[in-house]
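K.L.:
okay, sequence plus prediction incoming.
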Protein chains: 2
Amino acid sequence: MSDLTTPRSSYHHGDLRAQLIAAVRELVETHGPDGFSVAEAARRAGVSSAAPYKHFKDRPELLRAVASEGMDRLRDAMQAAASRHPAGSIAAIAAIGQAYVDFARSGPGVFRLVFGLTEGHDQDPHLEEKGAGCFAVVLRAVATAIGQPADNPTVKSRAYALWTCVHGHCFLTIDRKTKGKFEMPDEWTFLTEISTSILGVSST
Amino acid sequence: MSDLTTPRSSYHHGDLRAQLIAAVRELVETHGPDGFSVAEAARRAGVSSAAPYKHFKDRPELLRAVASEGMDRLRDAMQAAASRHPAGSIAAIAAIGQAYVDFARSGPGVFRLVFGLTEGHDQDPHLEEKGAGCFAVVLRAVATAIGQPADNPTVKSRAYALWTCVHGHCFLTIDRKTKGKFEMPDEWTFLTEISTSILGVSST
DNA sequence: CTTGCAAAGTTAGTGGTGCTAACTTATGTA
DNA sequence: TACATAAGTTAGCACCACTAACTTTGCAAG
């Protein structure tokens, strides 16, 4: 990350867009998606409060850029996790889930941004595409696991069921809704168990 | 709902607290939890923008009140749904899930308020308690289904797994993350299937 | 090399917001 | 009937999103 304290040498910043995204990422984690302000992000990047609007049309667009960058990281993390296990194995499925959970826990603010209904989120084809890219990772793993093509209805349905579980677990965890209700003994075991029970496979 | 247009007769409103909560419920559904403002809620209730602070210490407290009221409704809905089916049956479990989903879909704004990490949400014992009350409905049903006491670790673990699925499905639905990825053919079938596969019961 | 233009900064300003302080009015109780 | 208190009011502060108009800079064409 570049230095935010020393004043920049030139009138033009040169890297403001990227630096704003970085600043927003930090703010969203420390103050929550609501507590963040465009003005504060600009302050952190060392520019005036109007400068961000040269790069982003409004606040939601800035947040969407952060979400977009987050989805790239999520996709890569899931892909990498899957590739560390035999294709189509339960371990691969569970690892994808674990990557998803790790992503949520390590950056709950960005996770909420990615999966919340931020303004204009649902009608941005660019984001839709990235979302589909993430789901495709799961889809491929499930397809291999049950020996069917990725567009098979059963594959889609099973992949979705897995997704709901992991997604729900993420939100319940980061929103602290499990306190006093259920303390999970071992997350990896949980992920493995739901994978097997939903895919209906006993092992490997 | 009382009339919001005609000016009130007396200086004292008489029912401002309840009316503010009602106004916030509406606003949160139409403009989202972020788009809502205390000032607008006050306007709708026909009072000055400072009036709400006589009843709620700050914005988060007002939102928490709405969440609290929402949790009551959710609990009642789940309880009622369960009671329409034989105790401990798969149908009862699925019905609880269906009530949860219906609640989310019919009021996504309040749902997000209830299950999001609104400021101070996690350190409000009153809300914690109501959350536990909701989970207890699931816990009882699962306990009956597998013939174990409600504090049994397996019961807790199975109930949590079910919760994650339904919770995840709710968020993915209201946040429109399923578009172009998976169109669910029949929700009740989905709920029944995950119930059976997670509880490991074949029928009844 | 100059000139001009577009990109990317700036300041200043508007209207809305959360919240507080100080004031006013109504109400229930001694 | 007096009065403390609950529940309204207006005025005002600091902050925010965003816009308009201006300025600086880098680049590219002549």
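P.N.:
Done, it's in. Numbers count the residues shown, from 1 in each chain, chains lettered A, B, ... in the order given.
K.L.:
which helix runs longest in chain A?
P.N.:
helix A:59-83 (DSSP state H).
K.L.:
buried residues in whatever helix or strand comes next after that helix, which are they?
P.N.:
Once the chain leaves helix A:59-83, the next helix or strand it forms, by DSSP states H and E, is helix A:90-106. Neighbour counts over helix A:90-106 (16 or more other CB atoms under 10 Å in any protein chain shown) mark A:90-104 as buried. Every C-beta, even on glycine, is put in place using the N, C-alpha and C of the backbone.
K.L.:
tell me what angle helix A:90-106 forms with helix A:59-83.
P.N.:
Put simply, helix A:90-106 runs at 150 degrees to helix A:59-83, going by axes from the mean of the first three to the mean of the last three CA atoms, to 10 degrees.
K.L.:
looking at the closest residue to chain B within chain A now. What's its pLDDT?
P.N.:
Taking CB to the nearest CB, chain B has its nearest neighbour within chain A at A:Gly168, 3.0 Å off. Here, the pLDDT recorded for A:Gly168 equals 98.
K.L.:
how close does it sit to A:Thr189?
P.N.:
17 Å (CB to CB, to the nearest Å).
K.L.:
which one of the two is surrounded by more residues?
P.N.:
A:Gly168 (25 against 12; other CB atoms under 10 Å in any protein chain shown).
K.L.:
pretty sure the more buried one contacts B:Tyr160?
P.N.:
No: using CB atoms under 8 Å, A:Gly168 makes no contact with B:Tyr160, being 9.5 Å away.
K.L.:
who's in contact with A:Phe182?
P.N.:
B:135, B:156-157, B:159-160 (CB atoms under 8 Å, 6 or more residues apart in numbering or on different chains).
K.L.:
what packs against the longest helix of chain A?
P.N.:
Packing partners of helix A:59-83 (3 or more CB pairs under 8 Å, 6 or more residues apart in numbering or on different chains; DSSP states H and E): helix A:16-35, helix A:38-45, helix A:90-106, helix A:108-115, helix A:125-146.
K.L.:
most tightly surrounded among those helices?
P.N.:
Highest mean neighbour count of the helices and strands packed on helix A:59-83: helix A:108-115, a mean of 24 (counted as mean count of other CB atoms under 10 Å in any protein chain shown).
K.L.:
so, in contact with chain B or not, that one?
P.N.:
Yes: judged by CB under 8 Å from any CB of the partner chain, helix A:108-115 comes into contact with chain B through A:112, A:115.
K.L.:
just stretch A:85-94 next, same as before
P.N.:
No: with CB under 8 Å from any CB as the measure, stretch A:85-94 is seen stopping short of chain B, the closest distance being 13.8 Å.
K.L.:
could you work out the end-to-end span of that stretch for me?
P.N.:
For stretch A:85-94, the first-to-last residue distance is 10 Å (CA to CA, to the nearest Å).
K.L.:
got a list of contacts for that stretch?
P.N.:
Contacts to stretch A:85-94, defined as CB under 8 Å, 6+ apart, come from residues A:81-82, A:84, A:95, A:138, A:141-145, A:147, A:162, A:188, A:191-192, A:195-196, A:199, A:201, A:203-204.
K.L.:
ok, stretch A:160-170 next?
P.N.:
Contacts for stretch A:160-170 (CB under 8 Å, 6+ apart): A:93, A:97, A:100-101, A:104-105, A:111, A:115, A:135, A:138, A:142, A:190-191, A:194-195, A:198-199, B:161, B:163-172, B:178, B:181-182, B:184, B:190, B:193-194.
K.L.:
list the buried residues in it.
P.N.:
For stretch A:160-170, by 16+ other CB under 10 Å, it's A:160-170.
K.L.:
check stretch A:169-178 too.
P.N.:
A:169-175, A:177-178.
K.L.:
same thing with stretch A:178-196?
P.N.:
A:178, A:181-182, A:187, A:190-196.
K.L.:
pull the CA atoms of stretch A:106-121 into CSV?
P.N.:
The C-alpha coordinates for stretch A:106-121 follow below in CSV (Å, rounded to 0.1, in the frame of the first residue of the first chain):
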residue,chain,number,x,y,z
SER,A,106,-11.4,-12.0,7.4
GLY,A,107,-13.4,-9.2,5.8
PRO,A,108,-17.0,-9.1,7.0
GLY,A,109,-17.5,-5.5,5.7
VAL,A,110,-16.5,-6.4,2.2
PHE,A,111,-18.5,-9.6,2.4
ARG,A,112,-21.6,-7.7,3.3
LEU,A,113,-20.9,-5.4,0.5
VAL,A,114,-20.5,-8.2,-2.0
PHE,A,115,-23.6,-10.1,-0.9
GLY,A,116,-25.8,-7.3,0.3
LEU,A,117,-28.2,-5.4,-1.9
THR,A,118,-26.2,-2.3,-2.3
GLU,A,119,-27.9,0.3,-4.5
GLY,A,120,-27.8,-0.6,-8.2
HIS,A,121,-26.1,-3.9,-7.3
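K.L.:
let me know the closest of the buried residues of stretch A:178-196 to DNA strand D.
P.N.:
Nearest to DNA strand D, judged by CB to the nearest atom of the strand, of those is A:Thr178 at 31.4 Å.
K.L.:
and stretch A:77-85, how far from the chain's centre?
P.N.:
15 Å (CA atoms, centre = their mean, to the nearest Å).
K.L.:
now do stretch A:28-47
P.N.:
The answer for stretch A:28-47 is 19 Å, by CA atoms, centre = their mean.
K.L.:
which residues touch A:Gln79?
P.N.:
A:Gln79 touches A:Val137, counting by CB under 8 Å, 6+ apart.
K.L.:
ignore the last one, A:Asp186
P.N.:
A:Asp186 neighbours (CB under 8 Å, 6+ apart): none.
K.L.:
re the thing from before, would JSON lines of the buried residues of stretch A:178-196 with distance to B:Pro52 and secondary structure be doable?
P.N.:
Below are the buried residues of stretch A:178-196 laid out as JSON lines (distance: CB to CB, whole Å; DSSP: H, G, I helix; E, B strand; the rest coil):
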{"residue": "A:Thr178", "distance to B:Pro52": "32", "secondary structure": "coil"}
{"residue": "A:Lys181", "distance to B:Pro52": "32", "secondary structure": "coil"}
{"residue": "A:Phe182", "distance to B:Pro52": "36", "secondary structure": "coil"}
{"residue": "A:Glu187", "distance to B:Pro52": "42", "secondary structure": "helix"}
{"residue": "A:Phe190", "distance to B:Pro52": "43", "secondary structure": "helix"}
{"residue": "A:Leu191", "distance to B:Pro52": "44", "secondary structure": "helix"}
{"residue": "A:Thr192", "distance to B:Pro52": "49", "secondary structure": "helix"}
{"residue": "A:Glu193", "distance to B:Pro52": "47", "secondary structure": "helix"}
{"residue": "A:Ile194", "distance to B:Pro52": "44", "secondary structure": "helix"}
{"residue": "A:Ser195", "distance to B:Pro52": "48", "secondary structure": "helix"}
{"residue": "A:Thr196", "distance to B:Pro52": "51", "secondary structure": "helix"}
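K.L.:
right, I'll leave it there.
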